[in-house]
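Trainee: Task: produce atomic coordinates for the following.
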Amino acid sequence: MWYSDKAPTIERKYSKSILRYFKVGSHIGMTINPYQGCHHRCGYCYATYKWSPDFYDKIYGKINAPEILESELNKWKNISMLPVMISSATDAYQYAEAKFGITKKCIQVLQQFQIPFYVFTKSCLIERDLNLFRNYNTNCFVVWSITTIDEKVKRIIEPGTPPTSRVFETISKFLDSGIKCCVNIDPIIPFVTDSEEHILSVVDLCHQFGIRYISGSILRLRRDIWIRIREILELLGISCSIEEYEKIFGFREPLMNDNNLSASTAYSDNVFNFLKYELSRKNIEFGFDKLIKCISNLKSEYAISTKQYRISEFI
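Mentor: Numbers count the residues shown, from 1 in each chain. As a prediction, the model looks like this:
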């Protein structure tokens, strides 16, 4: 169950490897996940596969990750470089990071080897490492995952995340320190956060804070995610939209698919056309490909090859 007032347990774990190869569409790269499981309890989370049934209730800190990372980087010198994403299947700055400090140590290793990186997070704990980012600001950037600025909705769909006002305070500190920042409106949830007013409220706040890059994506569904989304719709009093979900995602109840279902092209185009139009009006760029390209062009004595990894789908 994603919605709970009980704090998850936090345990130590030893990993055999830490760097993973991922591919999303035409984009490829490396990723590090210092933790397994996540404190934020997002109802829409894609990382809650059936082989991780305790994703919300048990957080595992990969305490040997920095040592493993250093060992792996030492093996791949003078090979084509790809930026490292931190992280694809959890939040690297969730509460457990305050206990273990694994993410900070991994970033220090990446900087030691002059490896470019970028961080996906919803957390404000990242402020602790502001100096690490400031001193490396030409070789990294931060992507802030903002689903909604409506606190009533936020407490239901992602109850473990900090308030929006606090997150933007943190973003402001990073921007003021010369660190490139992007906001990712993800996922855009049909009938919950997909209205023009809802999307515009996020865009306007980003514009107010001087954010120059905004990306976004539509919710994807599979069996376990749909169970949680359906509960969210009921909690928000909009369970009447369940039939509309069947039309948008092309399924019939009960949804038994274990693979992600994408929204229809007609629905997606409608949402993205509005988002991109509003961004163009405010001179904000859609996506952060330019930021990835910028840090990818930097040269380094040490580099990472993706050829040695089996492709794992980004989640």
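Trainee: going forward, measure contacts between C-alpha atoms and count neighbours the same way
Mentor: Will do.
Trainee: Name whatever forms a beta bridge with the spatially most central residue of the chain.
Mentor: When CA atoms, centre = their mean is applied to the chain, the residue found nearest the centroid is residue 120 (4.4 Å). The partner list for residue 120 in beta bridges (DSSP bridges) reads residue 143.
Trainee: ok, it touching residue 86?
Mentor: Yes - using CA atoms under 8 Å, residue 120 makes contact with residue 86 at a distance of 6.1 Å.
Trainee: On the pLDDT front, check residue 51 for me.
Mentor: pLDDT for residue 51: 66.
Trainee: Equivalent analysis for the one 5 residues further on, please.
Mentor: For residue 56, the model assigns a pLDDT of 93.
Trainee: dump the residue contacts of it.
Mentor: Taking CA atoms under 8 Å, 6 or more residues apart in numbering, we find residue 56 in contact with 1-2, 8, 37-41.
Trainee: what's the answer for residue 213, then?
Mentor: With contacts taken as CA under 8 Å, 6+ apart, residue 213 has the following neighbours: 181-183, 284-288.
Trainee: ok now the biggest strand by length in the chain, how far from the chain's centre?
Mentor: For the chain, the strand reaching the highest residue count under DSSP state E is reported as strand 181-188. Put simply, strand 181-188 sits 8 Å off its chain's centre (CA atoms, centre = their mean, to the nearest Å).
Trainee: Contacts for the next helix or strand after that strand, please.
Mentor: Using DSSP states H and E, the helix or strand that directly follows strand 181-188 along the chain is helix 196-209. Counting contacts by CA under 8 Å, 6+ apart, the residues outside helix 196-209 that touch it are 146, 148-149, 168, 172, 183, 193, 214, 274-275, 278-279, 282, 284.
Trainee: would TSV of those with neighbour count and distance to residue 232 be doable?
Mentor: Compiled in TSV, the contacts of helix 196-209 are given as follows (neighbours: other CA atoms under 10 Å; distance: CA to CA, whole Å):
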residue	neighbour count	distance to residue 232
146	22	18
148	24	14
149	17	17
168	17	25
172	16	31
183	26	24
193	20	12
214	26	26
274	14	25
275	19	24
278	17	28
279	21	29
282	13	32
284	20	31
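Trainee: Any regions of the protein where pLDDT drops low?
Mentor: 1, 24-27, 51, 77-81, 297-315 (pLDDT under 70).
Trainee: Okay, strands next: where are they in the chain?
Mentor: Defined through DSSP E, the strands belonging to the chain, from first to last, are 9-13, 19-24, 27-32, 35-36, 58-62, 84-86, 117-121, 140-145, 181-188, 213-218, 285-286, 312-313.
Trainee: Specify the angle between the longest one and strand 117-121 in degrees.
Mentor: Same thing as strand 181-188. Compare the direction of strand 181-188 with that of strand 117-121 by axes from the mean of the first three to the mean of the last three CA atoms, to 10 degrees and you get 50 degrees.
Trainee: Now do strand 181-188 against strand 213-218, angle only.
Mentor: Following the same axes, to 10 degrees, one obtains 10 degrees for the angle between strand 181-188 and strand 213-218.
Trainee: try the first one
Mentor: Our comparison of strand 9-13 with strand 213-218, counting by the same axes, to 10 degrees, yields an angle of 100 degrees.
Trainee: So what touches strand 9-13?
Mentor: Under the contact criterion CA under 8 Å, 6+ apart, strand 9-13 has outside partners 57-64, 96.
Trainee: can you pull the alpha-carbon coordinates of stretch 247-254 into CSV?
Mentor: Listed in CSV are the C-alpha atoms of stretch 247-254, where the atom choice follows Å, rounded to 0.1, in the frame of the first residue of the first chain:
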residue,chain,number,x,y,z
LYS,A,247,-10.3,5.2,-23.4
ILE,A,248,-7.1,7.1,-22.9
PHE,A,249,-4.9,4.1,-22.3
GLY,A,250,-6.9,1.5,-24.4
PHE,A,251,-7.7,-1.2,-21.8
ARG,A,252,-10.7,-2.8,-20.1
GLU,A,253,-11.0,-3.5,-16.4
PRO,A,254,-9.4,-5.3,-14.8
